[in-house]
Every structure is written in C-alpha cells, then in structure tokens.
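J.: return a 3D structure for these sequence lines:
(one chain, ligands or ions: 1)
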Amino acid sequence: MTTPAIKICGISTSEALDAAIRARADYAGFVFFAKSPRNVTPREAAQLSARAAGRIARVGLFVDADDATIGEAMEAASLDVLQLHGKETPERAAQLGARFGVAVWKALSVASAADVSRATDYAGAVERVLFDAKTPKGTLPGGMGLSFDWSLVANWKGPVAWGLAGGLAPGNVAEAIVRTATPLVDTSSGVESAPGVKDEGLIARFCEAVRSAG
Ligand SMILES: O=C(O)c1ccccc1NCC(=O)[C@H](O)[C@H](O)COP(=O)(O)O
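T.: Numbers count the residues shown, from 1 in each chain. The predicted model follows:
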C-alpha cells in the first residue's frame, strides 16, 4: 500500500509548523475563517508561509470567501493550494483556480452515499476533493473532530483525486488508511491538546502512525 500524503490543518504558530515539517508532513493548512479557533490573519500567515517555503506545501482554507479575501491571503502567504470548505459550487471552484492560478481542493461533508456522489460534479473543476464529516448546524463546517462512516469511501475510485478528513488522530488513522486506501489524510483537532492548540508530540505520532499503515 502506498503511504498517503499528510496534511496538518489549522497551523497557527511557528512551533506547530516546525513540528509538521520535522514529522515530514506534506501540507500545512492555514485557516482563514474568523469564527475558527485556528484562524490566522494574512499578516500571521505571511510569517508562517515564509518559514514553510520550500519545506512543506501551504494550503489556505476558506469558507465561502469572496475574491478580495482570498486575494489578500494569496498575496500575503503565497499559497500553493486553495481549500474551499463552504458551499462553493464546481463553477466557483473552477473560477477561483483560474483567477489565482493554483490548485483548488473542495471539501465535501459526508453523511451518506449521495454526499460522496457529489464529488463527481467537481471533476475537472478541482484538483482534489476532501471527504470530511458533516458537522451539526450552527457549528464550524470542519475541524470538529467528527468522523463519518469510512465504508462510504472505501477504495473510492472516482474521476477526481481525493483525501480523507474528519476525526483522524494518531490512534485511528492507520485503521482509516487500511479501510479506505485513501491517498491523503487530513487532521486538525486530532493533533491538538485544546481547540486551536497544536501538540507537537501528537503531530509526530500522527505522522508515524500514517507511515506505519502505509
Ligand atoms: O479547522 C477549522 O477550524 C475549520 C473551520 C472551518 C472550516 C474548516 C475547518 N477545518 C477543516 C479541516 O481541514 C480539518 O482538517 C478537517 O475538517 C478535519 O478536522 P478534524 O476533524 O478536527 O481533524
């Protein structure tokens, strides 16, 4: 089995970023969403981005953001990937990819097989879809530590690359990989000691667990 790529999302400090780099994660996620405990300003992201350059790819996460918000973050932080975590349509995703000239990933909330089928709508519009857990109304659309029924995406073979998110942590990520054969895993609260507070030891353990499964 090929070892999946690893994304550590919600990085907001240089210590957490360094821990992700040391643990050989592939992607660092910066959240640009004011309601999130992991939110970073463009200024903070610029500093993190400079530290990350050439060492780990930089993913900017947005929730139904307008072009000006994304443009400001792009300019400050030279993002490699735009991750869309709201209700963005395939057309909107494609438009953003064309406008900013970077890869776009679309997160899809999953609670049923029909939710997984929506991924096909994004073929050609995005580089990758991320299957994440559906979160309760009135809460954050991600980063809640909730998982979904992995059998819905087990060995998924669709017309677009994909990844698995939602409730992944050092203790369950190996099982998730074995059960789904996902090519990418994404975690946030599973490597935190409190909401928004990344734990360097948990980041290391998560990445070790991924490699042990792959
Ligand atoms: O992390 C956040 O605070 C967040 C806020 C709004 C939208 C998405 C958010 N996170 C998305 C991620 O990429 C997470 O890694 C993904 O949802 C998994 O989170 P978790 O279940 O906590 O590992």
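J.: find the residue closest to the residue of the chain found nearest the ligand in space, skipping its chain neighbours.
T.: In the chain, no residue comes nearer to the ligand than Gly143, which is 2.3 Å away by C-beta to the nearest ligand atom. Where C-beta positions appear, they are placed from N, C-alpha and C, glycine not excepted. Leaving aside its sequence neighbours, Gly143 sits nearest to Ser188 (C-beta to C-beta, 6 or more residues apart in numbering; 4.5 Å).
J.: what sits against that neighbour?
T.: Ile8, Cys9, Gly10, Gly29, Arg38, Gly142, Gly143, Gly145, Ala165 (C-beta atoms under 8 Å, 6 or more residues apart in numbering).
J.: need the longest helix for this structure.
T.: Counting residues, the longest helix in the chain under DSSP state H turns out to be helix 200-213.
J.: contacts for the strand ranked longest in the chain, please.
T.: Longest strand of the chain, by residue count under DSSP state E: strand 103-110. For strand 103-110, the surrounding residues in contact (C-beta under 8 Å, 6+ apart) are 59, 80-85, 88, 90, 93-94, 96-97, 115-116, 118-119, 122, 125-135, 141-142, 148, 152-153, 163, 165-166.
J.: write the ChimeraX selection for whichever of the residues you listed are buried.
T.: For the buried members of these, the matching ChimeraX selection, counting by 16 or more other C-beta atoms under 10 Å, is:
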select :59,80,81,82,83,84,85,88,90,93,94,96,97,115,116,119,122,125,126,127,128,129,130,131,132,133,134,135,141,142,148,152,153,163,165,166
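J.: so which of the contacts of strand 103-110 are in helices?
T.: Of the contacts of strand 103-110, the ones assigned to helices by DSSP H are Pro90, Ala93, Ala94, Leu96, Gly97, Asp115, Val116.
J.: skip the chain neighbours and tell me the closest residue to the third one.
T.: Setting aside the residues directly before and after it, Ala94 is nearest to Ala125 in space (C-beta to C-beta, 6+ apart), at 4.1 Å.
J.: so Leu47 makes contact with Thr13?
T.: Check again: residue 47 is Gln, not Leu. No. Contact criterion C-beta atoms under 8 Å: Gln47 and Thr13 do not qualify, at 10.1 Å.
J.: and Trp105, bridged to which residues?
T.: In this entry, Trp105 is beta-bridged to Gln83, Arg128, by DSSP bridges.
J.: per-residue pLDDT, it?
T.: As predicted, Trp105 sits at a pLDDT of 98.
J.: what about it, how many residues nearby?
T.: Neighbourhood size, Trp105 [other C-beta atoms under 10 Å]: 27.
J.: could you do Gly10 as well?
T.: Neighbours around Gly10, by other C-beta under 10 Å: 26.
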